[in-house]
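Asker: below: sequence and its predicted model.
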Amino acid sequence: MEKIKVLFVCMGNICRSPTAEGVFAKLIGERGLDHHFSIDSAGTHAYHVGEAPDPRAQRAARERGVELAGIRSRKVIFGDFADFDFVLAMDNDNHGTLTAACPDEHKEKIRYLLDFAPHLNVREVPDPYYGGVYGFERVLDLVEAASEGFLQHLHETGRFSPMA
């Protein structure tokens, strides 16, 4: 079975998207589904290329058992649109940047991560970079809910079977 390739995207790839990558990695790892997925994260801007996630994001994630220390920031590249099955944006700005850069034949791959958590009644994961600790906790809350919803969506649409 071919792996489902998922790319989480925010602006700088040091807060929201690495948090989403780490949360989803933990989720699929706990359920023994690692072999079904290839996951990564990236930013629409190259502000922090090569850097580890923000220490505040790492600390908040670690308190929930999610490790982000091994992740390094990178910028989305043209080939990502062909390589990944899902390109999950954190907010309107990043969704717009991705859509503008994406070849037409891959545009359907670009989605909002929070579209997989409609019960939250919010579409954007807010950028916690300039805020306090609560912002990083809020990001984790949103990303955890959306990750569960995304995994459920993949199962319901037949993208994978937990038994395979």
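Answerer: Thanks, I have it.
Asker: for the rest of this, base every contact and every neighbour count on C-alpha atoms.
Answerer: Noted.
Asker: the lengthiest helix in the chain packs against which elements?
Answerer: Of all the segments of type helix in the chain, defined by DSSP state H, the longest one is helix 133-156. With contacts defined as 3 or more CA pairs under 8 Å, 6 or more residues apart in numbering; DSSP states H and E, the packing partners of helix 133-156 are helix 16-30, helix 55-62.
Asker: just checking, residue 149 touches residue 120?
Answerer: No - judged on CA atoms under 8 Å, residue 149 makes no contact with residue 120 at a distance of 11.0 Å.
Asker: more neighbours: the two, which one.
Answerer: Neighbours were counted for residue 149 and for residue 120 using other CA atoms under 10 Å; residue 149 has more, 19 against 12.
Asker: how many neighbours does the residue nearest to the more buried one when sequence neighbours are not counted have?
Answerer: Nearest residue to residue 149 in three dimensions, chain neighbours excluded: residue 116, at 4.8 Å (CA to CA, 6 or more residues apart in numbering). The local packing of residue 116 (other CA under 10 Å) involves 20 other residues.
Asker: tell me the contacts of residue 116?
Answerer: 146, 147, 149, 150, 153 (CA atoms under 8 Å, 6 or more residues apart in numbering).
Asker: return the closest of those residues with respect to residue 65.
Answerer: For the contacts of residue 116, the minimum distance to residue 65 (CA to CA) is 15.1 Å, reached by residue 147.
Asker: the closest one and residue 26 touch, don't they?
Answerer: No - using CA under 8 Å, residue 147 is not in contact with residue 26; the gap is 10.1 Å.
Asker: could you dump the helices and strands packed on helix 133-156 to CSV with distance to residue 96 and mean neighbour count?
Answerer: As requested, the helices and strands packed on helix 133-156 are exported to CSV (distance: least, CA to CA, whole Å; neighbours: other CA atoms under 10 Å):
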stretch, distance to residue 96, mean neighbour count
helix 16-30, 16, 23
helix 55-62, 24, 19
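Asker: what's the closest of those to residue 101?
Answerer: Nearest of the helices and strands packed on helix 133-156 to residue 101, taken as CA to CA: helix 16-30 at 18.3 Å.
Asker: per-residue confidence at residue 159?
Answerer: For residue 159, the model assigns a pLDDT of 86.
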